[in-house]
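K.L.:
got a structure for you, letters missing:
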């Protein structure tokens, strides 16, 4: 069973930076996409940034120009560099992975446990 472990969250002042990391472990045959979502108190979970296996990236409008998603395929790791953080970026950030465990298997979705990012004003 594939597991995702996130790290890098914490408390930062507005204007500061944080780098989140998500490491996938377990049996992975191929990765279709990895991404970061966030959920603020009282709000629905939303996509922050996603990256396909082909390298295509997508960002929420609210983070474009401030956040950058990147990956290390050899390490099954995805990063989220967050710059110019704002109080409204405060949320629990979740890593998401779409993968196949074998050549003839279907795609499976797995979530990390989440890491809290708090941005103070």
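P.N.:
Looks like it came in fine. Small disclaimer: the values here were computed from a predicted structure and weren't measured.

K.L.:
Give the bridge partners for the residue sitting nearest the centre point of the chain, please.
P.N.:
The C-alpha lying nearest the average C-alpha coordinate of the chain belongs to residue 36 (C-alpha atoms, centre = their mean; 2.5 Å). Residue 36 forms beta bridges with residue 49, residue 95, as assigned by DSSP bridges.

K.L.:
Model confidence for the closest residue to residue 121 other than its chain neighbours, exactly?
P.N.:
Spatial nearest neighbour of residue 121, excluding adjacent residues (C-beta to C-beta, 6 or more residues apart in numbering): residue 87 at 4.8 Å. Where you see a C-beta, it was placed from the backbone N, CA and C, and this is true even at glycine. For residue 87, the pLDDT comes out at 97.

K.L.:
how about residue 46, what does it touch?
P.N.:
Applying C-beta atoms under 8 Å, 6 or more residues apart in numbering to residue 46 gives the contacts 37-39, 60.

K.L.:
Buried subset of those residues as a PyMOL selection?
P.N.:
Applying 16 or more other C-beta atoms under 10 Å to the contacts of residue 46, the buried members can be selected in PyMOL as follows:
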select buried, resi 37+38
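
K.L.:
State the pair within the contacts of residue 46 that is farthest apart.
P.N.:
39 and 60 (12.8 Å; C-beta to C-beta).

K.L.:
which residue ranges form the strands in the chain?
P.N.:
3-7, 10-13, 18-25, 30-39, 46-52, 57-59, 67-72, 77-82, 91-100, 107-111, 115-120 (DSSP state E).

K.L.:
Is it possible to get the ones you listed out as CSV so that each row also shows mean pLDDT?
P.N.:
Conversion of the strands of the chain to CSV gives the following (pLDDT from 0 to 100):
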stretch, mean pLDDT
strand 3-7, 95
strand 10-13, 98
strand 18-25, 96
strand 30-39, 94
strand 46-52, 96
strand 57-59, 97
strand 67-72, 94
strand 77-82, 96
strand 91-100, 96
strand 107-111, 95
strand 115-120, 98
